[in-house]
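Novice: kindly generate the corresponding structure for this input.
(2 chains)
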2 protein chains.
Amino acid sequence: MTQPVIKFTRGVPPPESFPTQEISDCAVSLLQRDSDIVLQYGTSGGYQPLRQYLAEQAGVPLNRVAIGEGSLQLCDIAARILLEPGSLVYTESPSYDRSINILRRTGARVVGIPLEDDGIDITAISSRLAGGERPVLFYIIPDFQNPSGTVLSLEKRQALVDLADKFGFWIIEDSPYRRLRYCGVENPTLFDLAPNRVVRMSSFSKLIGPGLRVGYLVLPESFAPGFLKFAEDTYINSSYFTQGIVYEYIRRGLLEPNIAKLKSLYQPRLDCILTSLSHEMGDLAEWHKPEGGFFVGMTLHGEFDTDELLARASHAGLILSDGRGFFPEKNRQCFIRLPFCALTTDEIQSGISRLAQVIHSMLDK
Amino acid sequence: MTQPVIKFTRGVPPPESFPTQEISDCAVSLLQRDSDIVLQYGTSGGYQPLRQYLAEQAGVPLNRVAIGEGSLQLCDIAARILLEPGSLVYTESPSYDRSINILRRTGARVVGIPLEDDGIDITAISSRLAGGERPVLFYIIPDFQNPSGTVLSLEKRQALVDLADKFGFWIIEDSPYRRLRYCGVENPTLFDLAPNRVVRMSSFSKLIGPGLRVGYLVLPESFAPGFLKFAEDTYINSSYFTQGIVYEYIRRGLLEPNIAKLKSLYQPRLDCILTSLSHEMGDLAEWHKPEGGFFVGMTLHGEFDTDELLARASHAGLILSDGRGFFPEKNRQCFIRLPFCALTTDEIQSGISRLAQVIHSMLDK
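Specialist: Below is the predicted model of the structure:
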């Protein structure tokens, strides 16, 4: 009997997390109330009531908020505005592969700053800056990092924004998982620490549903107008209909209960993967133990051929992402990203067990 | 008593054209049937059933269709893939201002080909090509052109695709208004004439409602895969939720009756503006008499200062677009785009009357 395939690939929410009936009710109610606005073209900043809500949350004026079709699209525009061929950009190493692509597409040189258990290696950045490097921006995922699961410590947050101020670079703080904290204590955001130095980037994809495609940026005052004009020239506006559904969902008080529901759905899955990993992989790899988010990032002990690992895993009914894509530079170690939210605890246990067998089979070769 | 302001600016459909109740019903039904798909992430090509429908309409395989958040966003990607600094691009002169911006942003040189009553001046293109110019692409709006309202004749369509084949350039055929023909006979599309040379670009913004933000391209086989990867790296996918609503709307047989309804709404407005223009402006300007679409494009006789015209119009309660933005090169004549679909016949009559007064006031100076 063939075992069902288990996919440790993209960090997507499971379908059972979607509040379908509530989204349906919000859509109907929104169209009854505001169809002339939400079915029409609009300005690029976004549906006014949602924009107002986000501006209030961030403590900024309305015109510093841009809502788009997911935050990645907005990151692409920020990169196109801020970067040019030869610009220097820092990211964590590893970091989100799609963002690395977006930054690189501008012709910028992307340099990875190594990740430690409490976030980026500040000494490494300091010494690069002391050596004369002048990055235009640092793209960073400080909370439950993709792909590693780490959280940037408070001390390092402060150190990073101090460096940004001193050396005049922007920080893009990509923070889609922050509200999905299953235990431990929240740090302030980088934006909280330096609201004029940081582009805050987040979305409702992980908190309501990705299919609505509603993400947003909180922009520094200095380039918000240029950003909004560029966005308008690219797509006029993103859908006010889906943005209005998100707003209606929040207005009805459904967001916070949904986040609580998501946490109670995901926490046992995180517990399960961490238990499975320590049972099956204790001697084979090391990994950070996340307190939230979607991912456990794991580095195998010793040297492994990633192509062979992916092929053997696939043969064993286990689909893995290619860990090499997460590194701006060539990475000598073998890295595996394990998204756990969209798998049941049974699938997680089987998946980790298969992974351990695959690795053992490569060691036994 | 202050008169209400009349806006001859953006080409948007009027709110009374939105099939709000039907969209609401489609949303509810879609979520009942397919929430796991439409609330999730997807591939960049688009919601499979809608993609399939569009592929069948165009007679191409599924993987040559890309659905995005309006067609402008997709045009931006096509431009980023096909063009580089110094590339040569032709457009009509005048053409859609946002598209000119998008093409120029790549660093391409945009050259305008003069428009005649039956579309671009083919002799002008031929002589440029004979002189050695080698454009990468021609961006063209062959049906009810924005901003002029003209239609490219069948002879010129054939001549253009023949030139594209001979000199190896792409054609982007932007065709959002084609289905809104109020009289006269339809020509084949450029895509019909040369399906491997033409990127067909259209949307449901003018046929259902812009707020859903659903547009699409039919791509040549040679760069469809690269296009889809680039789109994925930019926004993962556009909303399957709004794409699914469009599909459900079509599946229920609502699209054709809605187009018929729109024609019966817009045709009297076109008749009204043409009558008003010939009453009020016969000696002041010339314009093409469109058989469909959203716009009448008008060129004033004599020389006018556009800034002064816009200011005087505004003072008279009439908001006009800056006609200079539609021309890739500096245009010596004063051009005015008059979108008529979102105005009542009363507003159209008053608006044209005010416009005539403004122009007379400038002549009397």
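Novice: mind checking the SS state of the residue in the stretch 251-365 of chain A positioned nearest to chain B?
Specialist: Here the stretch 251-365 of chain A gets closest to chain B at one residue, A:Ala342, 9.6 Å apart by C-beta to the nearest C-beta. In short, each C-beta sits where N, CA and C put it, glycine included. Classification of A:Ala342 by DSSP: H, G, I helix; E, B strand; the rest coil places it in coil.
Novice: what pLDDT does it get?
Specialist: Each residue has a pLDDT score; the one for A:Ala342 is 95.
Novice: show me the contacts for it.
Specialist: Residues near A:Ala342 by C-beta atoms under 8 Å, 6 or more residues apart in numbering or on different chains: A:Val12, A:Pro13, A:Pro14.
Novice: A:Leu39 too?
Specialist: A:Leu31, A:Tyr240, A:Phe241, B:Pro15, B:Phe18, B:Thr20, B:Ile23, B:Gly209, B:Pro210, B:Gly211, B:Leu212.
Novice: hang on, isn't the third one packed against A:Val28?
Specialist: Yep, that's A:Phe241 we're talking about. No - contact criterion C-beta atoms under 8 Å: A:Phe241 and A:Val28 do not qualify, at 11.9 Å.
Novice: more neighbours: which of the two?
Specialist: A:Phe241 (29 against 17; other C-beta atoms under 10 Å in any protein chain shown).
Novice: what distance do you get for that one to A:Leu39?
Specialist: 7 Å (C-beta to C-beta, to the nearest Å).
Novice: where do the helices sit along chain A?
Specialist: A:20-38, A:48-58, A:71-82, A:97-105, A:122-130, A:154-167, A:190-193, A:224-235, A:240-251, A:255-280, A:306-315, A:345-363 (DSSP state H).
Novice: nearest to B:Ile352, out of the ones you listed?
Specialist: helix A:20-38 (25.2 Å; C-beta to C-beta).
Novice: and that closest one with chain B, contact?
Specialist: Yes - counting by C-beta under 8 Å from any C-beta of the partner chain, chain B is contacted by helix A:20-38 at A:Thr20, A:Gln21, A:Ile23, A:Ser24, A:Ala27, A:Val28, A:Leu31, A:Gln32, A:Ser35, A:Asp36, A:Ile37, A:Val38.
Novice: buried stuff in that helix?
Specialist: Across helix A:20-38, burial judged by 16 or more other C-beta atoms under 10 Å in any protein chain shown covers A:20, A:22-31, A:34-35, A:37-38.
Novice: of all these, which two lie farthest apart?
Specialist: Longest span within those, C-beta to C-beta: A:Thr20 and A:Ile37, 24.2 Å.
Novice: what does the stretch 101-250 of chain A put close to chain B?
Specialist: So the stretch 101-250 of chain A meets chain B at A:101-102, A:105, A:205, A:209-213, A:233-242 (C-beta under 8 Å from any C-beta).
Novice: same thing but at 6 Å, please
Specialist: Within the stretch 101-250 of chain A, the residues that sit near chain B (C-beta under 6 Å from any C-beta of the partner chain) are A:Asn101, A:Gly209, A:Pro210, A:Gly211, A:Arg213, A:Asp233, A:Thr234, A:Tyr235, A:Ser239, A:Tyr240, A:Phe241, A:Thr242.
Novice: CSV for the residues you listed, including pLDDT?
Specialist: Formatted as CSV, these follow (pLDDT from 0 to 100):
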residue, pLDDT
A:Asn101, 96
A:Gly209, 97
A:Pro210, 97
A:Gly211, 97
A:Arg213, 97
A:Asp233, 96
A:Thr234, 97
A:Tyr235, 97
A:Ser239, 98
A:Tyr240, 98
A:Phe241, 98
A:Thr242, 98
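Novice: show me which of those is closest to B:Leu284.
Specialist: Looking across those and measuring by C-beta to C-beta, the closest to B:Leu284 is A:Asp233, at 32.4 Å.
Novice: hmm, the closest one is touching B:Ile100, no?
Specialist: No - using C-beta atoms under 6 Å as the test, A:Asp233 is too far from B:Ile100 to be in contact (9.8 Å).
Novice: of those two, which one has the most company?
Specialist: Taking neighbours as other C-beta under 10 Å, A:Asp233 and B:Ile100 compare with B:Ile100 leading, 23 against 20.
Novice: if I look at the closest residue to A:Leu88 other than its chain neighbours, how far off is A:Arg128?
Specialist: Using C-beta to C-beta, 6 or more residues apart in numbering or on different chains and skipping residues adjacent in sequence, the residue nearest A:Leu88 is A:Pro135, 4.5 Å away. Separation of A:Pro135 from A:Arg128 (C-beta to C-beta): 8 Å.
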